[in-house]
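Visitor: here is a sequence with its predicted model. Questions after.
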Amino acid sequence: QAPLGAAMRELRAAEKRAKALAGKDAWSLAVLKRGGGALYVTAKWGEPLRLFGLLRDLLARDDVSRRAAFHVSQWLHDVPADQRDMVEAMLMYQMQRQCASDEAKALVRDIVPALVREAFAGPNRLTGIAPLAWLADFMMAAEFLAREQRHTRPRAEDRPERRAA
C-alpha cells in the first residue's frame, strides 16, 4: 500500500547497501512499516541467510510466543554491547523463555550461538552498524516474515489430522 515511488527508492537503497559490503556477495532486506519507520538487514550470502530462514521458521512455530522477537529487541538495548558472552547467554535465556516445548528450546540452542557470532563478526563490522542494533533488526525482520508464514498456513484445529482424531 506504499506509493510505488517510495518503494522503488527503498529498493535501490537496499541494492546499494548490499553492494557496499566487501565482495559484493550480499543481500539486503528492507521492511517498511505502515506506521512509519523501517528495518534494514544487510548480510553476506551463506550462513547469515541460512540463520535468517531458521530464525523465521522458529518464530513461526505455534509453540513459540508471537512476542518473542519484540521482547528480545526491547531488552537488547540494556545489554552491554561489548559483552558478547553476556549477549549470547541472555539471548539464549530470553529466547528459551518464549518457547513452550523442548523441541523449540533445542532449536534456540542451535540458532543463538551462530546468530551472536554473526552479529559480532558479520557485515556490521564493515558497515559500522552496532552488533546489537543489527541483531534487533535481524530478529524483527525474521518476525515480520514469520508472521506472514503463520497467516498462510492452516490453524492447528483446521488441519485434517486434527479433525480425524
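Guide: Received, thanks.

Visitor: now do the helices in the chain.
Guide: Along the chain, the stretches classed as helices by DSSP state H are 4-20, 47-60, 68-76, 84-97, 102-121, 124-127, 131-152, 160-164.

Visitor: mean neighbour count and mean pLDDT added to these, as CSV?
Guide: For glycine as for every other residue, the C-beta is placed from the backbone atoms N, C-alpha and C. Output for these, formatted as CSV (neighbours: other CB atoms under 10 Å; pLDDT from 0 to 100):
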stretch, mean neighbour count, mean pLDDT
helix 4-20, 13, 87
helix 47-60, 19, 94
helix 68-76, 18, 87
helix 84-97, 17, 92
helix 102-121, 17, 94
helix 124-127, 16, 58
helix 131-152, 19, 86
helix 160-164, 8, 52
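
Visitor: let me have the ones you listed in TSV, extended by distance to Gly35.
Guide: As requested, those are arranged in TSV below (distance: least, CB to CB, whole Å):
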stretch	distance to Gly35
helix 4-20	14
helix 47-60	21
helix 68-76	15
helix 84-97	25
helix 102-121	26
helix 124-127	26
helix 131-152	13
helix 160-164	36
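
Visitor: closest one to Val41 among those helices?
Guide: Val41 lies closest, by CB to CB, to one member of the helices of the chain: helix 131-152, at 4.8 Å.

Visitor: what's the closest of the helices of the chain to Leu39?
Guide: helix 131-152 (4.7 Å).

Visitor: pull the CA atoms of that closest one into CSV?
Guide: Output in CSV follows, covering the C-alpha atoms of helix 131-152 (Å, rounded to 0.1, in the frame of the first residue of the first chain):
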residue,chain,number,x,y,z
PRO,A,131,26.1,-5.6,16.6
LEU,A,132,23.1,-5.3,18.9
ALA,A,133,21.2,-3.0,16.5
TRP,A,134,21.9,-5.4,13.7
LEU,A,135,20.7,-8.3,15.9
ALA,A,136,17.5,-6.5,16.8
ASP,A,137,16.7,-5.6,13.2
PHE,A,138,17.6,-9.2,12.1
MET,A,139,15.2,-10.6,14.7
MET,A,140,12.4,-8.2,13.9
ALA,A,141,12.7,-8.8,10.1
ALA,A,142,12.6,-12.5,10.7
GLU,A,143,9.5,-12.0,12.9
PHE,A,144,7.8,-9.9,10.1
LEU,A,145,8.3,-12.8,7.7
ALA,A,146,7.3,-15.4,10.3
ARG,A,147,4.0,-13.5,10.8
GLU,A,148,3.3,-13.9,7.1
GLN,A,149,4.1,-17.7,7.4
ARG,A,150,1.7,-18.0,10.3
HIS,A,151,-1.1,-16.4,8.4
THR,A,152,-0.8,-18.5,5.3
